[in-house]
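> generate coordinates for the sequence data below:
(chains A, B and C)
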Amino acid sequence: MDRTAYRLADIVARFGGRVEGDGGVAITQIGTLESATAGQIAFLANAKYRKQLESTAAGAVILSAADADATTLPRIVSDNPYSYFAKLSAFLNPLPAFAPGIHASAVIGEGAVVAPGAHIAAHVTIGEGARIGAGSVIMSGCSIGANAVIGENTRLYPRVVVYHDCVLGNNVIAHSGAVIGADGFGLAMEGGRWLKIPQIGRAIIGNDVEIGANTTIDRGALDDTVIEDDVKLDNQIQVAHNVRIGAHTAIAGCVGIAGSTTIGRYCRIGGSAGILGHLTIADGVEISSFTLIGKSIREKGTYSGIYPFSEKDGWLKNAAHLRHLDDMASRIKNLEKELEILKRRD
Amino acid sequence: MDRTAYRLADIVARFGGRVEGDGGVAITQIGTLESATAGQIAFLANAKYRKQLESTAAGAVILSAADADATTLPRIVSDNPYSYFAKLSAFLNPLPAFAPGIHASAVIGEGAVVAPGAHIAAHVTIGEGARIGAGSVIMSGCSIGANAVIGENTRLYPRVVVYHDCVLGNNVIAHSGAVIGADGFGLAMEGGRWLKIPQIGRAIIGNDVEIGANTTIDRGALDDTVIEDDVKLDNQIQVAHNVRIGAHTAIAGCVGIAGSTTIGRYCRIGGSAGILGHLTIADGVEISSFTLIGKSIREKGTYSGIYPFSEKDGWLKNAAHLRHLDDMASRIKNLEKELEILKRRD
Amino acid sequence: MDRTAYRLADIVARFGGRVEGDGGVAITQIGTLESATAGQIAFLANAKYRKQLESTAAGAVILSAADADATTLPRIVSDNPYSYFAKLSAFLNPLPAFAPGIHASAVIGEGAVVAPGAHIAAHVTIGEGARIGAGSVIMSGCSIGANAVIGENTRLYPRVVVYHDCVLGNNVIAHSGAVIGADGFGLAMEGGRWLKIPQIGRAIIGNDVEIGANTTIDRGALDDTVIEDDVKLDNQIQVAHNVRIGAHTAIAGCVGIAGSTTIGRYCRIGGSAGILGHLTIADGVEISSFTLIGKSIREKGTYSGIYPFSEKDGWLKNAAHLRHLDDMASRIKNLEKELEILKRRD
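Numbers count the residues shown, from 1 in each chain, chains lettered A, B, ... in the order given. The predicted structure follows:
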């Protein structure tokens, strides 16, 4: 594939920033400092990688004013090199276009409305009364339940399932294997057997949400599960019924969030963390990877709860004492008392 | 959709309990105390929410005798308001019916038998020799392997995969993305390379089992993996080969159970917990979320192993000592000895 | 199904080892010591199960020279009974053959090349320009993206998704629900909103790799994500963008590996472990289940970080002290100092 070349001068005309060095240098693609070639532009967004400036084969670099003198390569100086890179890369790598239309093998339920500009791929099923907005792309093998609503310019990768009555906003991306609106885990015990509690709420997904591969977002038990605008969910996350996730919150892979918990806006949650049910997490909270949050967090801040790893022999020796911490604490207290008595006696 | 209205008097005639207040009040749906409207009935199953009785807009309430005087709303008094709610909600919200028949796009293997009353949706594949029982619903895009057996009134949501030879009982529910009977993780190392151990057992799923979205249950290596009746599995659970899960056990999301472990009946396992392989867990055991069970549990009870979270600075300060607990314990012992000597000297 | 019977003498002629007892005994299948019947051969690979030799109903046994006298059953003596079992079982249980050809319901994109010997099942979609090698089996409902390359004798179980441009080697097995090449989790914050960073790298999967059910392997952000030859991944593993996993490494279920981490060759990683991003793990490292690796590991060895479980009351009592370890450590130090003073005074 021949790629179009763009001169640095044209790039800053479009995206801002300023050129230092030869603005006539043309690039066709973005790369890392380590792997970019002469026709590519790299970026420096983290001081940790500054040394790579010396050895990079990139034709040009995006960096901050503070780093502008650290190389003689043609360069674009920006206040935020990382977001500059994001925007330039999106420009250089547009998503593939999908021609509007419905594949012959797709099965469209009675009363379903597919906007003229939408693309419905092979082996898709769309339930009765569902609505698919203009510009949306429903890739192969997706299943959209009855009366579900998909907004505009939303993109469902192959094999996404949206259950009946659920709602996705505009510009949503859902990756393969994501399941939106399956039943929450609601059970009542009676006479030694479980009764299923019907899950009659919906899952409501706002605009600009991204949902990772094999992530699951359950429908609500009675009220809805709600994912607000611009929430970003990585792969294999489990969002239980009646959770609410505030706008602009980003959650890394493998996190589990139990039922009826409310997470604030602009939170960042590390991979494999867990949050118990019926809790409230304030806006702007950061939670470390592998941390279980077992009670509500009312204050912005960073919270951790990771058992540190060590070489196994050391771990065996130390971990055994965890079952005796209370005893250790009592013995320290006792030693302090007795020492005090001895000191007084002298 | 117009919903049918039911009078409280009619409801207790059907489900038991007794009415206090106006039995002529009619409701059409269930809601929470917080969100129910005048035509809806709410329920109080947890004392924590009693205060919401004062402000609820619900037309009626289900509650226990102990709470019967806490509101003047028309109410149904029940011994078990939560299971009453479950049964009433199931009555008010019947599952959508699926007309018997096989969609034209479904592919049915040679010798497969689909009972006349079953529903086979679009883009389903059913392998050679498989059997689908009466009343079962196989939704769009499911794949049923060769010689698999699906019981009666079982419901597979879109994109469920059942591998060859596996067996599902009656009244099973499996949500989208569940994979039943994939190969267990069996390997032998020889000459620096892995040999695959064929997984020739099956996955056998009892009656009344529910399997959450994207949950995986591996087939056995030689013998079978067995999920007994009325087991309830939430989303994204991993059940390895040759595990046996006892009847009526409920397991929350993201739990991993390693190979050949046997879990008792009526256990409850919290989210993101893990259980190592070749263990035995007694009946009636409760395991907290985020807890790793590394040896067998012989006694009923509740077991935990969660590292508590804290504000990150505090965590950093405290966690560093975990690698020195053995040293701390020795020093305490030593202090006790030396103090004893000092005391004797005096 | 009538199974073919093989005499022990014929088996050792084919696979090596030696027979003790009657080499004319014929077996048709492999079983465990506990469940094998007279026409089956069991194996003893772990001293822990030696007692089962006494009660087994197996017709023959595979075992090591050290155990050869522990039974009078006809037996095959091998240096490595476990890999002997693996090879014999693979011989007795060949994978079902799939006839070459493309199912009428499959949708093959323009310019895609399916080798004559490949099997493309029902409801598969293969994108434009993709290539499927000879002997490969793409089972029902798989989706292969544009320009993806699938090697020879590779087997994708139903509903596997391979995104555009990704590459799978020869003899790869991917189980149902696996998603290969979805976008990595790349975001830049600007003006209070997230910008998506295009994920333009690929996922490259070597030869002889096995990928478990619902495992996800993200494509690279700029460079590729790489899984080297003979890597074995269990179910529900998350591999983030730009991870590299060295040859012959085996990873158990539910592990999460964050972005840009490099894992060595011949590593073994236990279930539900986690590895943070931008780390390097040496060759031959073993990581215990449920352990978070938060910094690089430079030395071969076994590493753990598990908070041990206990009966809940004991856990509650002990865990509370974890937030005061730093205080405990200071108090011990202080006690030591004061005791030293007292001792000197005497």
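> run a quick neighbour tally on the residue nearest to residue A:207 when sequence neighbours are not counted.
When the adjacent residues along the chain are set aside, residue A:207 lies closest to residue A:169, with 3.8 Å between them (Cβ to Cβ, 6 or more residues apart in numbering or on different chains). For every residue, glycine as well, the C-beta is placed using N, CA and C. Other residues near residue A:169 number 21, with proximity taken as other Cβ atoms under 10 Å in any protein chain shown.
> from residue A:240, how far off is residue A:169?
The span separating residue A:169 from residue A:240 equals 21 Å under the rule Cβ to Cβ, to the nearest Å.
> what's the weakest-modelled helix or strand in chain A?
helix A:325-345 (a mean of 90; mean pLDDT, DSSP states H and E).
> list the contacts of that helix.
Outside of helix A:325-345, the residues that reach it under the criterion Cβ atoms under 8 Å, 6 or more residues apart in numbering or on different chains are A:321, B:328-329, B:332, B:335-336, B:339, B:342-343, B:346, C:317-322, C:324, C:328, C:331-332, C:335, C:338-339, C:342.
> so for chain A, the centremost residue is which one?
Taking Cα atoms, centre = their mean as the criterion, residue A:233 is the residue nearest the geometric centre of chain A, at 2.9 Å.
> just checking, residue A:115 touches residue A:138?
No: checked against Cβ atoms under 8 Å, the pair residue A:115 and residue A:138 is beyond contact range at 11.2 Å.
> who has more neighbours, the two?
Counting neighbours by other Cβ under 10 Å for residue A:115 and for residue A:138 shows that residue A:138 has the greater number, 30 against 15.
> torsion angles phi and psi at the more buried one?
Residue A:138 adopts backbone torsions of phi -110, psi 100, taken as degrees, to the nearest 10.
> one step back: so what sits against both of residue A:115 and residue A:138?
Shared contacts of residue A:115 and residue A:138, defined by Cβ under 8 Å, 6+ apart, comprise residue A:132.
> in three-state terms, label residue A:71 for me.
Here residue A:71 is recorded as coil under DSSP: H, G, I helix; E, B strand; the rest coil.
> if I look at it, what pLDDT would I see?
With respect to pLDDT, residue A:71 has a value of 95.
> how many neighbours does it have?
20.
> dump the residue contacts of it.
A:53-54, A:61, A:63.
> right, and residue A:117 touches residue A:102 too?
No: applying Cβ under 8 Å as the test, residue A:117 and residue A:102 come out as separate, 11.7 Å apart.
> right, and residue A:93 touches residue C:201 too?
No: counting by Cβ under 8 Å, no contact exists between residue A:93 and residue C:201, whose distance comes to 10.9 Å.
> of those two, which one has the most company?
Residue environment comparison for residue A:93 versus residue C:201 gives the larger neighbour count to residue C:201, 23 against 15, counting by other Cβ under 10 Å.
> could I get the contacting residues of that one?
Neighbour list for residue C:201: C:184, C:219-225, C:241-242 [criterion: Cβ under 8 Å, 6+ apart].
> neighbours of residue A:77, how many?
Neighbour number of residue A:77 under other Cβ under 10 Å is 19.
> give the bridge partners for it, please.
With DSSP bridges applied, the residues forming beta bridges to residue A:77 are residue A:18, residue A:63.
> and it, what is it in contact with?
Residue A:77 is in contact with A:17-20, A:63-65, A:68, counting by Cβ under 8 Å, 6+ apart.
> how close does it sit to chain C?
For residue A:77, the distance to chain C equals 16 Å [Cβ to the nearest Cβ, to the nearest Å].
> what do you get for residue A:139?
Going from residue A:139 to chain C by Cβ to the nearest Cβ gives 7 Å.
> swap in residue A:308?
In this structure, residue A:308 and chain C are separated by 6 Å, where distance is defined by Cβ to the nearest Cβ.
> just the element for that residue, please.
Element membership for residue A:308 (DSSP states H and E) is empty, with no helix or strand holding it.
> touching, it and residue B:318? I think so.
No: counting by Cβ under 8 Å, residue A:308 does not reach residue B:318; the two are 10.5 Å apart.
> between the contacts of residue A:71, which is closest to chain B?
Checking the contacts of residue A:71 against chain B by Cβ to the nearest Cβ gives residue A:63 as the nearest, at 30.0 Å.
> thought residue A:280 was touching residue A:262?
Yes: using Cβ under 8 Å, residue A:280 and residue A:262 qualify as a contacting pair, with a distance of 5.0 Å.
> neighbour count winner among these two?
When neighbours are counted by other Cβ under 10 Å, residue A:262 comes out ahead of the other of residue A:280 and residue A:262, with 18 against 14.
> before we move on, back to that, can you say which of the contacts of helix A:325-345 are buried?
Buried by 16 or more other Cβ atoms under 10 Å in any protein chain shown: A:321, B:328-329, B:332, B:335, B:339, B:342, C:318-319, C:321-322, C:324, C:328, C:331-332, C:335, C:338-339, C:342, out of these.
> all helices for the stretch 1-150 of chain A, in order.
Secondary structure of the stretch 1-150 of chain A by DSSP state H, counting those that start in this stretch: the helices cover A:8-15, A:52-55, A:81-92.
> how about the residue in chain A that chain B sits nearest to, what does it touch?
Scanning chain A for proximity to chain B using Cβ to the nearest Cβ identifies residue A:305 as nearest, at 3.0 Å. Under the criterion of Cβ under 8 Å, 6+ apart, the contact list for residue A:305 reads A:288, A:290-293, B:306-310, B:315.
> of all the helices of the stretch 1-150 of chain A, which lies closest to chain C?
Smallest distance to chain C across the helices of the stretch 1-150 of chain A (Cβ to the nearest Cβ): 4.0 Å, for helix A:81-92.
> buried stuff in the closest one?
A:81-89, A:92.
> isn't residue A:67 right next to residue A:44, touching?
Yes: using Cβ under 8 Å, residue A:67 and residue A:44 qualify as a contacting pair, with a distance of 5.6 Å.
> could you list the low-pLDDT ranges of chain A?
Applying pLDDT under 70 to chain A picks out residues A:1, A:346.
> would you map out the domains in it?
In the assignment given by automatic domain parsing, the structural domains of chain A cover A:6-92, A:101-303, A:312-345.
> out of these, flag the one nearest residue B:40.
Ranking these by their distance to residue B:40 (criterion: Cβ to Cβ) puts domain A:101-303 first, at 9.3 Å.
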